[in-house]
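J.: heads up, no residue letters with this:
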């Protein structure tokens, strides 16, 4: 996918805001082990009811899917090189997206993968829902593992998305991990998949 000056996202400004459109700020009051009153701040994609059910009833939710797509030989995987507004730069990450209310997690993974990469995805295994960044948000996702087919295409990207799907092998992964901005979860999965973390090598 080629990028020119007219089809790149561009940051205009950054400012502080008290109101959010898509995230809801919350404050949790709790007591420490010694009985001292304390507070914790977080944001959520959902409302108060879900947060209370998570905290007091320990219910499990999911907000969407991360899609770990490989070829059949498990020698390649799919990454997105995506401009992330929150970082102001291109970041390499695994394709991911939010689940719609009428979807299963497998359906969401297939749809999001198609939209973000232009390729098809066959789910094979769905991991349990897990927290993404539990210190600041109660967002949970399922990692969906499976196989990709087809050729990368940007035809299904929206005007707000600036991304390129890349099929990566072990050699490319090693270079990306050393030289490029790769998200923490994506880096861990790449290291594990391609056996690139020297600490775990035997």
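T.: Arrived safely. None of the values given here were measured: they were computed from a predicted structure.
J.: for the closest residue in space to residue 115 that isn't next to it in sequence, give me its contacts.
T.: Once its chain neighbours are removed from consideration, residue 115 has its nearest residue in residue 156; the separation is 4.5 Å (C-beta to C-beta, 6 or more residues apart in numbering). Every residue, glycine included, has its C-beta placed from N, CA and C. By C-beta atoms under 8 Å, 6 or more residues apart in numbering, residue 156 lies in contact with 114-116, 118.
J.: tell me the secondary structure for residue 156?
T.: The three-state assignment at residue 156 reads coil, by DSSP: H, G, I helix; E, B strand; the rest coil.
J.: hmm, residue 129 and residue 140 touching each other?
T.: Yes: using C-beta atoms under 8 Å, residue 140 and residue 129 qualify as a contacting pair, with a distance of 4.6 Å.
J.: now for those two: what residues contact both?
T.: Jointly contacting residue 140 and residue 129 under the rule C-beta under 8 Å, 6+ apart are 60-62.
J.: among those, which ones are buried?
T.: Buried residues within the shared contacts of residue 140 and residue 129, counting neighbours by 16 or more other C-beta atoms under 10 Å: residue 62.
J.: so which of the shared contacts of residue 140 and residue 129 is the closest to residue 83?
T.: Set against residue 83, the nearest of those by C-beta to C-beta is residue 62 (25.9 Å).
J.: contact partners for that closest one?
T.: 99, 105, 129, 140-142.
J.: with residue 104 instead?
T.: Under the criterion of C-beta under 8 Å, 6+ apart, the contact list for residue 104 is empty.
J.: lovely, talk soon.
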